[in-house]
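Participant: mind folding the following:
(one chain, ligands or ions: 1)
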Amino acid sequence: MLATAPHPPTLKGRPFIGVLPEFRRAAPQFLLKVAREHGDIAQLRLGPQTVYSIAHPDWIRDILVTHQTNFIKSRMLERAKVLLGEGLLTSEGELHKRQRRLSQPAFHRERLIGYGASMVDCAVHTRETWKSGATLDISREMNHLTLAIVARTLFSADVSGEADEIRSALTDVLGLFELVLSPFSEWFEKLPLPSVRRFERARDRLDQTIYRLIAERRASGRDAGDLLSMLLLAQTEEDGGMSDKQVRDEALTLFLAGHETTANALSWTWYLLSQNLESEARLHQEIDRVLAGRAPTVDDLPNLKFVEMVFAEAMRLYPPAWGIGRRNLTEYRVGDYLIPPRTVILMSPYVVHRDPRWFPDPERFDPDRFQPEAAAMRPKFSYFPFGGGARVCIGERFAWMEGVLLLATLGQKWRLRLAPNARVETRAMITLRPKYGMPMMVEAR
Ligand code: HEM
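Facilitator: Down below sits the predicted model:
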């Protein structure tokens with residue numbers, strides 16, 4: 001027996017800061033380089049923290065599924081509680097289990113059908129505002145569209161009147177998240193910095209809107225068929241329903257988790273289509289054949305298989321949730337290595353999705369990788385844009401439906417071309433955004 005457990009490859013970096021600067025500059029690309037140079041497990045010093053990066057699908061499955069009870073969310077999401085309270089994304093243990101049970105019916109198939117109609121309505125509205133030859137920031141367009149959809153499916157509200165206010169509050173809030181999530185954030189948060197105050201003001205503004213919507217709905221007592229009604233109507237046998245604060249936390253969680261992710265996935269999809277004209281032509285053919293000129297409905301989804309494969313392949317290359325973090329409650333073995341309790345473990349879909357063992361010639365855009373036979377040959381967690389286990393994305397079906405319906409509705413009328421001189425780079429915040437937006441010219445088809 002060994003006297004001490006072996007250490008995995010370790011990137012110590014510079015004194016005190018470790019490899020934090022490289023990580024902050026472009027975390028997904030940095031983690032990819034680490035995996036390519038050092039293999040499926042590596043230890044990184046990020047300032048005061050030691051983080052393990054894990055990149056083998058079987059080890060990821062063990063953490064997210066097989067041994068999931070030995071893990072809690074990473075510190076990054078715990079820090080997100082300053083905004084999201086104890087919503088689904090951030091809560092743990094029994095509270096999470098209860099909230100998940102209460103929220104699940106809002107995502108049942110019958111409910112999703114109603115949301116699908118709202119998605120197409122909003123997309124039709126968007127495509128009618130576009131003018132042929134105009135150059136638009138498609139990332140902004142997609143954000144507006146998915147925000148309108150989540151507002152409509154969550155609150156039945158046409159929040160377009162309040163949309164600008166909500167949007168600017170959300171932007172401030174997300175902007176400050178970077179600070180909140182940095183390794184020294186506990187200190188920053190206590191300082192009276194202008195950015196911290198701006199964050200608090202933005203959060204208060206969002207809260208006011210949300211509590212008002214909750215109060216109006218409770219007073220009316222009606223089931224509007226939206227997510228808010230489901231949250232308010234949800235009851236457990238033991239202890240009744242959710243408090244206003246709990247509904248607020250869940251609603252804000254869905255608001256945040258439910259729009260930026262999908263918007264980014266769509267922006268990257270439009271970009272990739274503009275660079276891969278053969279795939280774009282196949283996408284158009286399928287849309288035209290299946291829809292024959294009418295707007296799509298949820299019934300068309302089973303026939304829009306190529307559109308779905310395009311969306312899947314875009315989320316392979318640009319997974320909106322580029323990193324999933326956990327901490328182990330007790331010592332945990334990965335291969336030959338022992339990870340000490342409460343270590344941050346990072347699993348990056350961006351890294352695993354670009355591993356040539358599962359995706360040969362990984363940088364190439366090829367939707368046929370998602371033909372069912374090809375997908376069945378790969379290990380399960382070689383592709384995990386929605387995570388896995390008990391914490392798998394509750395909105396996964398919602399997101400697939402939204403992605404396919406929006407691509408079909410917009411692609412039916414428009415083709416998008418990257419603006420000359422556009423700079424396309426990633427920016428890894430909580431989600432993987434296009435750093436400089438996505439300026440594209442829209443051309444009528
Ligand atoms: C392309 C779009 C989306 C992607 C890539 C995505 C990705 C993810 C991932 C990876 C997780 C798990 C995080 C972890 O295990 O630490 C997650 C959780 C979650 N997502 Fe999504 N998501 C998307 C869309 C949505 C939508 C549309 C909604 C809601 C309408 C949503 C709501 C949530 C919630 C509430 C959780 C927490 C679930 C729990 O812990 O019980 N997401 N998402």
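Participant: return the distance of the residue of the stretch 301-445 of the chain found nearest the ligand relative to Thr153.
Facilitator: Residue nearest to the ligand within the stretch 301-445 of the chain: Gly395 (2.2 Å; Cβ to the nearest ligand atom). Where C-beta positions appear, they are placed from N, C-alpha and C, glycine not excepted. Distance, Gly395 to Thr153, by Cβ to Cβ, to the nearest Å: 10 Å.
Participant: so which of these two has more stuff around it?
Facilitator: Shown here are Gly395 and Thr153; by other Cβ atoms under 10 Å, Thr153 has more neighbours (26 against 22).
Participant: can you pull the contacts of that one?
Facilitator: Thr153 makes contacts with Gly114, Tyr115, Ser118, Met119, Asp226, Leu227, Phe398, as judged by Cβ atoms under 8 Å, 6 or more residues apart in numbering.
Participant: just the buried residues of those residues.
Facilitator: Buried subset of the contacts of Thr153 (neighbour count, 16 or more other Cβ atoms under 10 Å): Tyr115, Ser118, Met119, Asp226, Leu227, Phe398.
Participant: so which of those reach the ligand?
Facilitator: Phe398 (Cβ under 6 Å from any ligand atom).
Participant: these two touch, right, the residue of the stretch 301-445 of the chain closest to the ligand and Gln104?
Facilitator: No - if you go by Cβ atoms under 8 Å, Gly395 and Gln104 don't touch, sitting 11.3 Å apart.
Participant: quick check: buried residues in stretch 44-63?
Facilitator: 44-47, 50-57, 59-63.
Participant: where does the stretch 201-350 of the chain come near the ligand, residue by residue?
Facilitator: Residues of the stretch 201-350 of the chain found near the ligand (Cβ under 6 Å from any ligand atom) are Thr253, Leu254, Ala257, Gly258, Thr261, Thr262, Ala265, Pro320, Ala321, Ile324.
Participant: what's the separation between the residue nearest to the third one when sequence neighbours are not counted and the ligand?
Facilitator: So the one you mean is Ala257. Nearest-residue entry for Ala257: Leu89, 5.7 Å, with adjacent residues in sequence omitted and distances by Cβ to Cβ, 6 or more residues apart in numbering. When distance is defined by Cβ to the nearest ligand atom, to the nearest Å, Leu89 is 4 Å away from the ligand.
Participant: test my guess that Leu89 contacts Leu252.
Facilitator: No - checked against Cβ under 8 Å, the pair Leu89 and Leu252 is beyond contact range at 9.7 Å.
Participant: quick one: the residue nearest to Ala428 when sequence neighbours are not counted and the ligand, what's the gap?
Facilitator: Once flanking residues are discounted, Ala428 sits nearest to Ala27: 4.7 Å by Cβ to Cβ, 6+ apart. Distance, Ala27 to the ligand, using Cβ to the nearest ligand atom: 15 Å.
Participant: dump the residue contacts of Ala27.
Facilitator: Going by Cβ under 8 Å, 6+ apart, the list of residues near Ala27 reads Trp322, Gly323, Ser348, Ala428.
Participant: what's the farthest-apart pair in those residues?
Facilitator: Put simply, by Cβ to Cβ the two of those set farthest apart are Ser348 and Ala428, 9.5 Å from each other.
Participant: identify the contacts common to the two.
Facilitator: Joint contacts of Ser348 and Ala428 (Cβ under 8 Å, 6+ apart) are Ala27, Pro28, Trp322, Gly323.
Participant: most neighbours out of those, which is it?
Facilitator: In those, the most neighbours by other Cβ under 10 Å go to Trp322, 25 neighbours.
Participant: report the secondary structure element holding that residue.
Facilitator: In this structure, Trp322 sits in neither a helix nor a strand according to DSSP states H and E.
Participant: what score does it have for pLDDT?
Facilitator: Model confidence at Trp322, given as pLDDT, is 95.
Participant: got it, and Glu260?
Facilitator: Looking at Glu260, its pLDDT is 88.
Participant: quick check: chain neighbours aside, which residue is closest to it?
Facilitator: Thr431 (5.0 Å).
Participant: mind listing what that neighbour touches?
Facilitator: Thr431 neighbours (Cβ under 8 Å, 6+ apart): Glu260, Thr261, Asn264, Pro320, Ala321, Trp322.
Participant: check Glu250 too.
Facilitator: Glu250 neighbours (Cβ under 8 Å, 6+ apart): Gly87, Leu88, Gln99, Ser103, Leu231, Met242.
Participant: just the buried residues out of those residues, in ChimeraX syntax.
Facilitator: In ChimeraX, a selection of the buried entries from those looks like this (16+ other Cβ under 10 Å):
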select :87,88,99,103,231,242
